[in-house]
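Colleague: Sequence first, predicted model second:
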Amino acid sequence: MTDFLFFQTPAYILNIAQLELEEHYLEHEDSQEFGEYVYYKTIDLNAVTFNTWLELSMLNNEHKGRRLFFTSETIADIVDGYFSENVFTGGVKYKYQTIEIDVDVVYRYCELLGRRYAGYTYDFLMNEYIAKNFPPNKKRRYYMHFNRQNKTLDITYDERFILLEE
């Protein structure tokens, strides 16, 4: 720990400021046209939203304060459904099966989000470095993302984290 605290090269501390799991319902709507009529079916699905606040601070740098980021992700039950028309009566029914989220799915998704947010943090630091070292007379047009699987630098149009004012 003492070795880390006295690094002379740039070092950062990422603090999980707050995690919130929000349970709610999410409407799923399906529709299909049969002849001149359009049939609709709306189903309430169980959903969980993961709200995350992260603090990033540079080690041994009083000039740069903490930065607070927010991000949110939602998962929900999966619906596999279709409309079926009875050829004899003309009646239309919606047949479906729901794959419900459970505790194991939530835990697996938390692991996935940990990896994803580590990548977002890396992308933020990389883009901050690019901005600092970019020629002053040139305009940056893109936010870059490092794709770990392909080992490529890709263009992305969103910054993934929302930077909050403290």
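Modeller: That came through fine. These figures come from a predicted structure and were not determined experimentally.
Colleague: For the rest of this, base every contact and every neighbour count on C-alpha atoms.
Modeller: Will do.
Colleague: what sits against residue 74?
Modeller: For residue 74, the contact set (C-alpha atoms under 8 Å, 6 or more residues apart in numbering) comprises 47, 48, 49, 50.
Colleague: tally of neighbours for the closest residue to the second one other than its chain neighbours?
Modeller: In space, residue 48 comes closest to residue 23 once its chain neighbours are excluded; the distance is 4.6 Å by C-alpha to C-alpha, 6 or more residues apart in numbering. The tally of other residues near residue 23 (other C-alpha atoms under 10 Å) stands at 14.
Colleague: Next, the buried residues of the helix or strand hosting residue 23.
Modeller: Residue 23 belongs to strand 12-34 when assigned by DSSP states H and E. Judged by neighbour count using 16 or more other C-alpha atoms under 10 Å, the buried positions of strand 12-34 are residue 26.
Colleague: mind listing what that strand pairs with, with the direction of each?
Modeller: strand 37-58 (antiparallel) (DSSP bridges).
Colleague: Report the inter-axis angle for the helix or strand hosting residue 110 versus strand 37-58.
Modeller: Assigning secondary structure by DSSP H and E places residue 110 in helix 103-133. If you take axes from the mean of the first three to the mean of the last three C-alpha atoms, to 10 degrees, helix 103-133 sits at 60 degrees to strand 37-58.
Colleague: Need the nearest residue in space to residue 33, chain neighbours excluded.
Modeller: residue 39 (6.2 Å).
Colleague: Any stretches of the chain with poor pLDDT?
Modeller: Within the chain, the segments meeting pLDDT under 70 span 1-8, 60-64, 159, 166.
Colleague: Nearest the middle, which residue of it would you pick?
Modeller: residue 73 (4.5 Å; C-alpha atoms, centre = their mean).
Colleague: Any buried residues in the helix or strand where it lies, and which?
Modeller: Using DSSP H and E, residue 73 maps to strand 67-76. Across strand 67-76, burial judged by 16+ other C-alpha under 10 Å covers 68, 69, 70, 72, 75, 76.
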